[in-house]
Structure formats: C-alpha cells, structure tokens
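>>> got a predicted structure plus its sequence, pasted below:
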Amino acid sequence: MILLTGGAGYIGSHTAVELIQAGYEVLIADNFYNSRPEVIDAIEKITGKRPEFEEMDVCAPVKVDALFHKYKVTAVIHFAGYKAVGESVEKPLMYYRNDLDSLITVLEAMKKYGVNRLIFSSSATVYGVPEAVPLIEGMPTGCTNPYGWTKYMSEQIIQDVCHAQPELSAVILRYFNPVGAHPSALIGEQPNGVPNNLMPYITQVASGIRPHLNVFGNDYDTPDGTGVRDYIHVVDIAKGHIAAVEYAMKNTGAEVINLGTGNGYSVLEMVKAFERVNKVKVPYKIAPRREGDIAECYADASKANRLLGWKAQYDLDTMCKDAWNWEQQLRKE
Ligand code: UD1
C-alpha cells in the first residue's frame with residue numbers, strides 16, 4: 001500500500017488516480033488544509049475504487065505512528081506541505097515548522113516500521129536564479145524565499161537520512177510548473193483566494209472572475225520580454241510518480257530528478273495558446289516585474305527519461321484545454 005501524505009491536494013489527487021489505475025493500493029492522509037473531502041469521492045468516481053483515507057495532520061507523531069501501525073505501508077509519497085511563496089515570506093516559522101516537521105515525522109515512522117521507499121515533492125525553485133538553462137540536476141542550488149528553502153532543506157534531510165540508512169531509497173522530484181487538470185474535469189487545482197500562479201489566474205480571467213491578467217514584466221531577456229517557464233500537465237507529473245515508485249522499488253540511495261517537459265513558454269505565449277485553444281479572451285496588462293521572479297526556467301528532462309523511463313506526453317494545447325474544462329466545471333458548482 002502506498003501512503004500519499006497530502007494526497008487530496010492538487011498533485012496528490014492526480015497521483016492517487018494514476019496509482020489506482022496502475023493497480024496500486026492507495027492510502028491518503030490529509031488534513032484538508034488546502035483541499036476538500038469531495039476530492040476523495042472524485043478519485044473514486046474516476047477510478048471506480050475508493051482509496052483508504054485518514055483525516056490527520058502528518059506533523060503529529062502519535063497519529064503518524066498509529067497510521068503506520070494500522071496499514072501495511074510499502075512506500076510513501078510525501079506531498080503534504082504549504083506552498084505559497086508570498087505567505088512563506090510573511091510567515092517563515094509556520095513554513096519551516098510545518099514543512100520540515102511533517103517530513104521528519106514521516107521519516108521517523110518509516111524508519112521505525114521498516115518502510116524504505118520515499119518519493120518527495122521538491123520544486124525547480126531550488127535552482128534559485130539559474131546561471132544557465134535548461135536546468136540539469138547537478139547545477140547549483142539556492143533559494144529566494146522560505147518556501148524554497150523548505151524544499152532545499154528537505155532535500156538535504158533526505159540525502160542525510162539515505163546516507164545513514166543505506167537500505168532507504170528516495171526519489172526527490174523537482175517539479176517545474178504543473179498546470180491543467182484531469183481530463184475528466186473531476187479533480188484539479190483549487191487555489192484559495194487570488195491565485196499566485198499563472199494558469200489559475202488565466203482561467204479566472206477567462207471566466208470573468210477577474211478583469212485582466214497582470215503580466216509581471218515584459219523587459220526580461222527572453223524572446224518577447226515576458227518570463228519563460230516549463231509548464232507541464234499535472235497528469236504527466238502524476239505519472240512521473242508512478243515511474244519513481246517503480247524505480248525506488250529496485251534501487252537504494254537518493255536520486256534528484258527533474259519533472260519537466262524541457263520546453264519553455266513565455267507568459268504571452270501561454271495567453272495566446274489559451275485563447276486559441278479555448279476560443280476565449282484573456283485581457284492582460286503589462287505590470288511591473290514580480291519580486292523574486294526569474295527570466296527563464298526550464299528543465300533538462302533527460303535524467304527522468306534515462307532513470308525512470310518517463311517522458312511528458314501532453315502538449316501545451318491539452319494543458320490549456322484541461323485547465324479550462326476544470327475551471328468551467330468549478331463554476332457550475
Ligand atoms: C512559482 C513560485 C515557485 C513555486 C511554483 C509552484 C514564485 C516566485 N515562484 O513559480 O517557487 O514552486 O510557483 O507552482 O512565486 N505571472 C504573471 N502574472 C500572474 C502570475 C504569474 O505574469 O498573475 C508570470 C510570472 O511572472 C512567471 C510566470 O507567469 O513568469 C509563471 O509564474 P507562476 O505560475 O507564479 O510560477 P513560478 O513563478 O515559475
């Protein structure tokens with residue numbers, strides 16, 4: 001049975017679906033801090049199988065111990081964590097406490113119960129301000145905000161624990177920019193309040209909730225002056241986790257692996273693609289640069305292909321279509 005901490009969240013829920021469809025038994029532990037109980041029903045609706053579920057905070061050692069005691073966990077995918085960059089700057093202690101505590105608590109329980117496979121959600125944010133693109137796993141790391149540092153520190157903790165426990169196998173996945181939603185439009189991203197990320201902002205502008213998109217800077221050193229990112233369909237990200245679980249079953253030690261497509265698209269390319277694919281208007285205004293943003297960030301995705309046999313399948317049009325289907329579904333509720 002695979003334990004997904006934070007498995008009701010955006011990436012966790014898509015991974016739960018792919019795991020169940022691949023024949024795995026799935027156990028979700030989530031406190032619904034940034035997700036909803038209906039997600040569990042939606043996973044069941046898509047797959048025809050209800051995952052095991054425990055509502056709990058994985059920072060609580062007694063509860064996590066009881067969880068490992070109750071279920072026969074063979075691998076853990078640790079998604080649980082806070083993820084808003086701006087909030088992490090305002091509330092660093094909240095971020096360090098939650099995101100490091102949850103990881104350490106899970107690692108302690110894994111050790112006690114002899115669970116030796118861990119997949120961890122890291123982020124391309126650990127590359128900081130890249131010296132060059134595409135980004136390769138061995139390149140220098142460093143962060144610009146506490147959220148990023150929690151990922152950076154978590155990676156270090158996992159490396160150290162793998163060193164001390166040679167039987168442990170850990171795959172640290174550095175996600176680039178996950179977007180889109182399940183093609184069923186039954187699960188997707190549900191940002192609280194004003195979205196920070198580009199795609200949810202675009203979908204809310206397209207649906208008329210927000211008047212226009214602010215494009216954060218058009219004077220970067222990129223082809224059209226707007227920021228370039230490696231957007232990747234969330235179902236591809238989810239499938240990357242299945243490949244990582246399978247890899248972890250056969251290997252030991254820690255591996256850091258990028259999950260990206262290898263393609264970079266600018267903000268304006270995203271807007272144009274979204275408008276073309278969905279036949280909607282996305283009005284935008286050029287705004288000042290956002291603090292902490294970088295010009296370009298996209299992956300060298302060859303390690304994932306080499307080690308995991310995984311490669312992103314979905315193109316930009318599908319990302320835009322599925323993001324819009326999900327937004328429209330949300331507005332019907
Ligand atoms: C952001 C986080 C990163 C986190 C990732 C999770 C920052 C600085 N970085 O990455 O740490 O891991 O989300 O998904 O917050 N943009 C606009 N207008 C908007 C929103 C975004 O022009 O309203 C632009 C940004 O300037 C950027 C691109 O769109 O060029 C993508 O932004 P976003 O979706 O926030 O992702 P990142 O900044 O790459």
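Sure thing, it's come through.
>>> for the residue of the chain found nearest the ligand, give me its contacts.
Going by C-beta to the nearest ligand atom, the ligand is nearest to Gly227 of the chain, at 2.3 Å. Just so you know, the C-beta spots here come from the backbone N, C-alpha and C atoms, and that holds for glycine as well. Contacts for Gly227 (C-beta atoms under 8 Å, 6 or more residues apart in numbering) come out as Phe216, Gly217, Tyr220, Ser266, Val267, Asp293, Ile294, Ala295, Glu296.
>>> in a markdown table: the residues you listed, plus secondary structure.
Formatted as a markdown table, the contacts of Gly227 follow (DSSP: H, G, I helix; E, B strand; the rest coil):
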| residue | secondary structure |
| --- | --- |
| Phe216 | strand |
| Gly217 | coil |
| Tyr220 | coil |
| Ser266 | strand |
| Val267 | helix |
| Asp293 | coil |
| Ile294 | coil |
| Ala295 | coil |
| Glu296 | strand |
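>>> counting neighbours, which of the residues you listed comes out on top?
Within those, neighbour counts (other C-beta atoms under 10 Å) peak at Val267, which reaches 25 neighbours.
>>> for that residue, which non-adjacent residue is spatially closest?
Thr226 (3.9 Å; C-beta to C-beta, 6 or more residues apart in numbering).
>>> what of Ala323?
Among residues not flanking Ala323 along the chain, Gly180 sits closest, at 4.9 Å (C-beta to C-beta, 6+ apart).
>>> any idea which element Ala29 lies in?
Counting by DSSP states H and E, the element that carries Ala29 is strand 26-30.
>>> number of nearby residues for His69?
By other C-beta under 10 Å, the residues close to His69 number 12.
>>> wait, a strand at it?
No: remark: His69 does not belong to a strand; assigned using three-state DSSP, it is helix.
>>> need the contact list for it.
Tyr113.
>>> how about Ala301?
By C-beta under 8 Å, 6+ apart, the neighbours of Ala301 are Pro134, Asn258, Leu259, Gly260, Thr261, Gly262, Lys311, Ala312.
>>> and if you look at Gly180?
The neighbours of Gly180, taking C-beta under 8 Å, 6+ apart as the test, are Gly188, Met199, His233, Val234, Val235, Tyr314, Thr318, Met319, Cys320, Asp322, Ala323, Trp326.
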